[in-house]
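Trainee: give me coordinates for this.
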Amino acid sequence: MKRREFITLLGGAALASPLAVRAQAPGRVYRVGYIVTTPHRPPTFAIFLDELRLAGFIEGQNLTVLECGFGAIGNELAAAATALVDASPDAIFTPGFATAKAAQAATKTIPILTMSEDLLAEGLASSLARPDHNTTGISLLSPDLDGKRGELLLEAIPGLRHVAVLADPNVDTSAHLQALTDSAKARGASLSVFPARTPEEIVPALDAAKSSGAGAVNVLATQLFFFNRQLVIQRTSELRLPAIYQWPDLAEQGGLIGYGPRFTELFRLLGRQLAKILRGTSPADIPVEQPCKFELVVNLKTAREIGVEIPANFVLRADKVIE
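Mentor: Predicted coordinates:
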């Protein structure tokens, strides 16, 4: 065989071999555990499963979802994580800091895929390029983006002097909240924090924000507010309280302003990461991803409904405007 023919053949084998290595084992049913605070599958789960389907992992055929981790909150998280580990899944998917910590405490060997506000600062991973041990996923840059959303809110509501922050004390640290307070103060505004640890505390917290005289609310990036987003959007609208959210998608769902990455794209990315894990790649070899595309969406329909006029120059900056 001539040298050139050999190199060509070798190159062809190199191109083909990754597919063979990564292919699913014939006849095998892969088991994925899911830990989340909601008692049922959130709509985003369908996006996640669809991306897995495109990768060849199809629920009901070669993929089974273990649901014993659904609806776990607070003191229930540890027990739910242990029960899930006892079920011997091939991987655990758990968006959110508290659920990811519970999963890490329950297993050091089963791969864990998570999406949280800041994986490094939260101690979920020690490196973006090469995560330690059994955990990888997406780090949302939320602390920085929460500050950016606060700045945008002050620009969108002219004359705003008192800003409310809807925060989850289980996630948002005092240092993070102090940074938001300092940022608002530097721009001539005061900031008050209104905590909510459970879905039942969200409405009272928003009511207290309105009663305090706050002119708008920055809804911080947490799993609690994401999974209860319709409740937050509905109550802020009823209170005629302008609000900004961590996802542009939420402005399309009735929120006033959304700024950040699209959760639909991130859940697809998570699906692709999990497909790599199921094909045998160690989480330590899958870099933690960070969003690189951010969108600003303004809902003028909501603005009219709550009696707010968004400056024209702000609207012109938006990537998308809901009329």
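
Trainee: from the centroid of this protein, which residue is nearest?
Mentor: M115 (5.4 Å; Cα atoms, centre = their mean).

Trainee: who's that one bridged to?
Mentor: I138 (DSSP bridges).

Trainee: so it touches E265, yeah?
Mentor: No: applying Cβ atoms under 8 Å, one finds M115 not in contact with E265, separated by 11.7 Å. To be clear about C-beta, it is placed using only N, CA and C from the backbone, and glycine gets the same treatment.

Trainee: which parts of the protein are helices?
Mentor: In the chain, the helices defined using DSSP state H lie at 3-22, 44-54, 76-86, 97-106, 142-156, 174-186, 202-211, 223-227, 229-238, 248-252, 263-278, 300-306, 312-317.

Trainee: want to throw these into TSV with mean pLDDT and mean neighbour count?
Mentor: Putting the helices of the chain into TSV (pLDDT from 0 to 100; neighbours: other Cβ atoms under 10 Å) gives the following:
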stretch	mean pLDDT	mean neighbour count
helix 3-22	37	10
helix 44-54	93	18
helix 76-86	91	18
helix 97-106	92	22
helix 142-156	92	20
helix 174-186	89	15
helix 202-211	98	18
helix 223-227	86	22
helix 229-238	97	18
helix 248-252	95	22
helix 263-278	95	20
helix 300-306	97	15
helix 312-317	97	11
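
Trainee: and those helices as JSON lines, adding distance to V36?
Mentor: Shown next, in JSON lines, are the helices of the chain (distance: least, Cβ to Cβ, whole Å):
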{"stretch": "helix 3-22", "distance to V36": "27"}
{"stretch": "helix 44-54", "distance to V36": "8"}
{"stretch": "helix 76-86", "distance to V36": "10"}
{"stretch": "helix 97-106", "distance to V36": "6"}
{"stretch": "helix 142-156", "distance to V36": "18"}
{"stretch": "helix 174-186", "distance to V36": "23"}
{"stretch": "helix 202-211", "distance to V36": "17"}
{"stretch": "helix 223-227", "distance to V36": "8"}
{"stretch": "helix 229-238", "distance to V36": "14"}
{"stretch": "helix 248-252", "distance to V36": "18"}
{"stretch": "helix 263-278", "distance to V36": "12"}
{"stretch": "helix 300-306", "distance to V36": "28"}
{"stretch": "helix 312-317", "distance to V36": "34"}
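
Trainee: quick one, which of those is nearest to N134?
Mentor: Between N134 and the helices of the chain, the tightest spacing by Cβ to Cβ is seen for helix 97-106, at 7.7 Å.

Trainee: hmm, who's touching the closest one?
Mentor: Contact partners of helix 97-106, identified using Cβ atoms under 8 Å, 6 or more residues apart in numbering, comprise 35-37, 69, 72, 77-78, 80-82, 84-85, 92, 94, 112, 114, 116-117, 122, 124, 134-135, 137, 170-171, 223.

Trainee: what does stretch 66-85 give?
Mentor: Stretch 66-85 is contacted from outside by 31-41, 87, 89, 92, 94, 98-99, 102-103, 105-107, 110, 198, using Cβ under 8 Å, 6+ apart.

Trainee: report the buried members of these.
Mentor: Among these, the ones that count as buried by 16 or more other Cβ atoms under 10 Å are 32-38, 89, 92, 94, 98-99, 102-103, 106-107, 110.

Trainee: ok, back up a step: which one of the helices of the chain lies closest to G60?
Mentor: G60 lies closest to helix 44-54 among these, at 10.3 Å (Cβ to Cβ).

Trainee: C-alpha coordinates for that closest one, CSV please?
Mentor: Taking Å, rounded to 0.1, in the frame of the first residue of the first chain, the C-alpha atoms of helix 44-54 are listed here in CSV:
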residue,chain,number,x,y,z
THR,A,44,-38.0,23.1,29.9
PHE,A,45,-37.6,19.3,30.5
ALA,A,46,-39.2,18.7,27.0
ILE,A,47,-36.5,20.8,25.4
PHE,A,48,-33.8,18.8,27.2
LEU,A,49,-35.4,15.5,26.2
ASP,A,50,-35.7,16.6,22.6
GLU,A,51,-32.0,17.4,22.4
LEU,A,52,-31.3,13.9,23.8
ARG,A,53,-33.6,12.5,21.2
LEU,A,54,-31.6,14.2,18.4
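
Trainee: just checking, what packs against that helix?
Mentor: Counting contacts by 3 or more Cβ pairs under 8 Å, 6 or more residues apart in numbering; DSSP states H and E, helix 44-54 packs against helix 263-278.
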